[in-house]
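Engineer: pasting the sequence and the predicted model now:
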Amino acid sequence: MILTKILMTTFPFKWQELTMKSFPITKGMRSDIARCMTSKAVEKSVNDIGKEAERLNKVFWKLYEQKLRAVSGIPSTRWPELIQQGIATNCYQRVPKIKVENTFINILHIDGDSAPMRCLTEMLNSDLLQAFRKWIKKVSHYGKHSSITFTTPKPMADMREGEVIEDPELIASIQKLETRIKTTLTAAMGFHSKAMTVLNSCRTAKQLQDLLPEGAKYLPKREPKTKELAPTELAASVTEMLQKGIPPVEQSEAA
């Protein structure tokens, strides 16, 4: 017993390999494992993207607040009161745009049928998907296309064309973020494809453990089988329930 504990502590992966009872790997298991591995591989990049989006969100609303003050002449400290009184409408979110000739277009745009979008919706786990969806939201009427969306940190009045950005530095930063997001998602899609190729070559958990131990860590836990009653024991139990009733009738109640 002591030797077993020493082996388990010193060589955890080898011990798992020696004690793993092999079982068939299903298509669903492969998909789940590939999703977990892909999410793990891009986790740091996604977190860095989130930090940059947070920074740009602050810059955007600071410029928005300055523009609102210049247009209305009302200090930002008064907007919560005016919004509560119904005098002004609260501006909760904005999709940043730039003006090209006479048209306003989204600065950061991800087409719904593109490879990055398919990666975003099909190849990442719920935690990373939630991290992306904090900033990248569906904006088209049909829910296919997505764009970066900034959320105000405090009550601020709605303003006509308030989402239009004129600051060159902010525009460049958002465009740079767009490139980074698409590059990350495209790379994640390539990784996912490679992982699936390896997983499809494995038919059992033991094969996966031998070929790709990092993937085997995401295999579902196998519940120990409960000991079933032998037919004779089961028959005796049924007979007893027939005699006593369900639930069993107490002797005092029977009298």
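Structural biologist: Good, I have the coordinates. Quick caveat, the model's predicted, so the values are computed rather than measured. Residues are numbered from 1 along each chain as shown.

Engineer: the strands in the chain, which residues?
Structural biologist: Per DSSP state E, the chain carries strands over the ranges 93-94, 97-100, 103-106, 109-110, 136-138, 146-148, 150-151.

Engineer: helices or strands up against the last one?
Structural biologist: By that I understand strand 150-151. Applying 3 or more C-beta pairs under 8 Å, 6 or more residues apart in numbering; DSSP states H and E, we find strand 150-151 packed against helix 27-72, strand 93-94. Just so you know, the C-beta spots here come from the backbone N, C-alpha and C atoms, and that holds for glycine as well.

Engineer: can you list the strands that the shortest one pairs with?
Structural biologist: Sheet pairing of strand 93-94 (DSSP bridges) gives strand 150-151 (antiparallel).

Engineer: for stretch 77-88, give me every contacting residue.
Structural biologist: Stretch 77-88 is touched from outside by Ile74, Thr89, Asn90, Lys154, Pro155, Met156, Ala157, Asp158, with contacts defined as C-beta atoms under 8 Å, 6 or more residues apart in numbering.

Engineer: now it: average pLDDT?
Structural biologist: The predicted model assigns stretch 77-88 a mean pLDDT of 88.

Engineer: just send the contacts of stretch 77-88 back as CSV, with distance to Lys182 too.
Structural biologist: Formatted as CSV, the contacts of stretch 77-88 follow (distance: C-beta to C-beta, whole Å):
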residue, distance to Lys182
Ile74, 39
Thr89, 34
Asn90, 32
Lys154, 31
Pro155, 33
Met156, 30
Ala157, 34
Asp158, 30
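
Engineer: are any of those residues buried, and if so which?
Structural biologist: By neighbour count, with 16 or more other C-beta atoms under 10 Å, the contacts of stretch 77-88 hold Pro155, Met156, Ala157 as buried.

Engineer: so can I have a markdown table of these showing pLDDT?
Structural biologist: Formatted as a markdown table, those follow (pLDDT from 0 to 100):
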| residue | pLDDT |
| --- | --- |
| Pro155 | 87 |
| Met156 | 86 |
| Ala157 | 89 |
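
Engineer: go through those and say which is closest to Lys176.
Structural biologist: Using C-beta to C-beta, Met156 is the member of the buried ones among the contacts of stretch 77-88 that sits closest to Lys176, with 25.8 Å.

Engineer: ok, the closest one - contacts?
Structural biologist: By C-beta under 8 Å, 6+ apart, Met156 lies in contact with Trp61, Tyr64, Glu65, Leu68, Ser76, Trp79, Asn90, Cys91.

Engineer: ok, so of the residues you listed, who is nearest Lys217?
Structural biologist: Proximity of the contacts of Met156 to Lys217 (C-beta to C-beta) peaks at Trp61, which lies at 41.5 Å.

Engineer: could you pull out the helices for the stretch 101-250 of the chain?
Structural biologist: With DSSP state H, counting those that start in this stretch as the criterion, the stretch 101-250 of the chain has helices at 115-122, 126-133, 168-200, 205-211, 213-216, 231-244.

Engineer: any chance of TSV for those helices, columns distance to Gln84 and mean neighbour count?
Structural biologist: Putting the helices of the stretch 101-250 of the chain into TSV (distance: least, C-beta to C-beta, whole Å; neighbours: other C-beta atoms under 10 Å) gives the following:
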stretch	distance to Gln84	mean neighbour count
helix 115-122	37	17
helix 126-133	29	15
helix 168-200	30	16
helix 205-211	58	17
helix 213-216	53	17
helix 231-244	66	10
